Each structure stands twice: as structure tokens, then as C-alpha cells.
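make a model of this:
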Amino acid sequence: MSVTDLPILGLLRTRMQWHQTRQKLLSENVANADLPGFKPRDLANPELGRAKSRGAGFGTVALAQPEGASGAGLAVTSPAHITIAQAGEGPGADARRIKGFEVRPSGNGVNLEEEMMKSGDNQADYQLATSLYQKSLETLKIAIGKR
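Numbering: from 1, shown residues only. Below you'll find the predicted structure:
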């Protein structure tokens, strides 16, 4: 077993890869802010994906589309499952609303302010993960006497 195969380092590497992928999606959202009909995308949080899939690895992520976006809905595998109202259904529902902001008449649902906030948060979380990774490696070097 090599030093880089330690579980904590693997988790941090996976987390950094997740943040890189999320940053790519967020930048695509910003780049397509003027494209008619474009729906913003984001990655599901790995912790949520792991809890839902029970036993899946830390890096298991799925593309999560905002509420009201087109795509496959939740799978109903049992008649006892509670169904979720689709966009435009239920009291006070507005089919033009996607996760708290208005969709433009062209059908574009990108809110630049929200995307930039997500991007900044993502960058800060990535920097935290890289800092933890670096400190873990430094601690290992001290422990084996290479420093």
C-alpha cells in the first residue's frame, strides 16, 4: 500500500475532482447565459448521492437539474412512494420559476449573480480541499522522517 492510497487522501482527491467538474458546469452556465432555452445545470452533492444510493462511493455524483427543468423525473418503484408535483402543478406554482428566479421570455434560466455566487463558493471549497490535502502530505512526510 502506497502512502497516496490512504483513504483520507483518496477522499480529498475525489472531492477536488468533483469541484473541478462542478466549476466546468458552472462556467458552461455562465457562457450560455444568452442562449435561448438553455437550462442551468449543477452537480449533486456527493454526500447526498451517497446517502441516496447506500453504499456508493464518495465520488458518486449525478447531474442535478433545477426544479422545473426538463429531464427524467424521480423513479417510482413502489406504489407506496410519495409523488412530487411537477412544475406548474399545485397551489401557487409558476411554471416559469426555476429554483427561485425568473426564466427569461427566451426560456433561458441562467441567473448570472447566482452562478457567480456558486462559483465563488465552489472555489473556496476547492481551496480548502487542496489545503487539507497539502497539509496531510506534509504530516505524512514528517511522520516518515523525510522533512
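
pretty sure residue 136 contacts residue 8?
Yes: in this structure residue 136 lies within contact range of residue 8 using CB atoms under 8 Å: 6.1 Å. Yep, even glycine has a C-beta here, placed from its N, CA and C like the rest.

so between those two, which is more surrounded?
residue 136 (15 against 11; other CB atoms under 10 Å).

for the helix or strand harbouring that one, buried residues please.
Assigned by DSSP states H and E, residue 136 belongs to helix 112-144. The neighbour-count check on helix 112-144 (16 or more other CB atoms under 10 Å) flags 115, 118-119, 122, 126, 129, 132-133, 140 as buried.

with stretch 36-43 instead?
38-43.

of all pairs in the buried residues of helix 112-144, which one is the farthest apart?
The distance between the two most remote of these (CB to CB) is 37.2 Å, for 115 and 140.

lowest average confidence across helices and strands of this structure, where is it?
Scoring the helices and strands of the chain by mean pLDDT, DSSP states H and E places strand 97-98 at the bottom, with a mean of 42.

sorry, back to before: dump the buried residues of helix 112-144 to JSON lines, plus pLDDT.
Converted to JSON lines, the buried residues of helix 112-144 look like this (pLDDT from 0 to 100):
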{"residue": "115", "pLDDT": "94"}
{"residue": "118", "pLDDT": "95"}
{"residue": "119", "pLDDT": "96"}
{"residue": "122", "pLDDT": "96"}
{"residue": "126", "pLDDT": "97"}
{"residue": "129", "pLDDT": "96"}
{"residue": "132", "pLDDT": "96"}
{"residue": "133", "pLDDT": "95"}
{"residue": "140", "pLDDT": "89"}
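
can you add distance to residue 32 and give these back as JSON lines?
Listed next are the buried residues of helix 112-144 as JSON lines, based on distance: CB to CB, whole Å:
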{"residue": "115", "distance to residue 32": "10"}
{"residue": "118", "distance to residue 32": "15"}
{"residue": "119", "distance to residue 32": "14"}
{"residue": "122", "distance to residue 32": "18"}
{"residue": "126", "distance to residue 32": "22"}
{"residue": "129", "distance to residue 32": "27"}
{"residue": "132", "distance to residue 32": "33"}
{"residue": "133", "distance to residue 32": "32"}
{"residue": "140", "distance to residue 32": "42"}
